[in-house]
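>>> can't give you the sequence, but here's the structure:
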DNA sequence: TTACTTGCAAACGTTTTGCACGATT
DNA sequence: AATCGTGCAAAACGTTTGCAAGTAA
């Protein structure tokens, strides 16, 4: 139960446990789709009808701060969030339903070393993401 | 002179050649930085003082449509544009000045094949992007 | 009881649209 | 002369902030 663990971590960081927060946390923790704030709002309202969209934004902000959730960038937009994975993160995303799968990428270190040498850049971060259609959506 | 070629392509597609368009085209074609619409506006206004921000948006839209320009996604935001490269596109980006370098990435086809087999996804697109600081900005 | 959290309303920044005027062809 | 392009103003959109009332601790 990921949602419980997230609520625990919120509590550990001095945040209070409320019905509104719980609804948002359960919604994001228990789905494999990348969800926009508005989608989270619509889904979470089924669990907690009085929920406000502002609370969704503020809760996502806290979850991102605690690295429980991460923002996903896609060709169609960059507002979606998914549960964060530990360690390094390469993604496979369905462009129709938003399903997100974490994958083991190639080892890019040799390429990063080569690029650093060639360009003089200090490379801090990289994204490797694949986009397509999942089996259901094809 | 990339700007001339772009103006030619605009003309070929039935678009008119105007001072405002020329200023935007020159600005984006002749820089290696990823620029936001507002940055394009500020730079292009030096060449064509009467320029409106709306025209920047509309011109970028046309350039994107003709695949002369592409949108760049970065951790800090996804509003920037750069001149498009032919063929496949992997990017190295400076997070301070926005300098963008197209690179030859690894051959990802074997990984894509493996992922397709494992997940059943039909993979249509991928992003491989590296972020850091260029030599000047370090 | 205290301090955090909430939803509402308003503010904000970015992007888009409507429109009359101006410019290119 | 006809059509396309322009800048302005206003609208639309997603997101953030201020605030008074409500709630967890």
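All right, it came through fine. Being a predicted model, the structure only gives us computed values, none of them experimental. Numbering: from 1, shown residues only, chains lettered A, B, ... in the order given.

>>> buried ones in stretch A:46-62?
Using 16 or more other C-beta atoms under 10 Å in any protein chain shown as the burial criterion, the residues of stretch A:46-62 that qualify are A:48, A:51, A:55-56, A:59-60, A:62. Any C-beta I mention is one placed from the backbone N, CA and C, and that applies to glycine too.

>>> Which of the residues you listed sits closest to residue B:79?
Proximity of these to residue B:79 (C-beta to C-beta) peaks at residue A:60, which lies at 20.4 Å.

>>> Touching, that closest one and residue A:25? I think so.
No - using C-beta atoms under 8 Å, residue A:60 makes no contact with residue A:25, being 9.9 Å away.

>>> I'd guess residue A:71 is in a helix, am I close?
No - under DSSP: H, G, I helix; E, B strand; the rest coil, residue A:71 falls outside any helix and is assigned strand.

>>> what about it, how many residues close to it?
Neighbouring residues of residue A:71 were enumerated by other C-beta atoms under 10 Å in any protein chain shown; the total is 14.

>>> can you list the residues of chain A near DNA strand C?
For chain A, the contact set with DNA strand C under C-beta under 7 Å from any atom of the strand comprises A:14-16, A:18, A:20-21, A:48, A:50-52, A:54-55, A:58-59.

>>> The residue nearest to residue A:47 when sequence neighbours are not counted sits in which helix or strand?
Spatially, and ignoring its direct neighbours in sequence, residue A:47 is nearest to residue A:23 (4.1 Å; C-beta to C-beta, 6 or more residues apart in numbering or on different chains). Here residue A:23, judged by DSSP states H and E, is contained in helix A:19-29.

>>> and that helix, how far out from the chain's middle?
14 Å (C-alpha atoms, centre = their mean, to the nearest Å).

>>> Show me what it is packed up against.
When contacts are defined as 3 or more C-beta pairs under 8 Å, 6 or more residues apart in numbering or on different chains; DSSP states H and E, helix A:19-29 sits against helix A:2-12, helix A:37-44, helix A:53-65, strand A:77-83.
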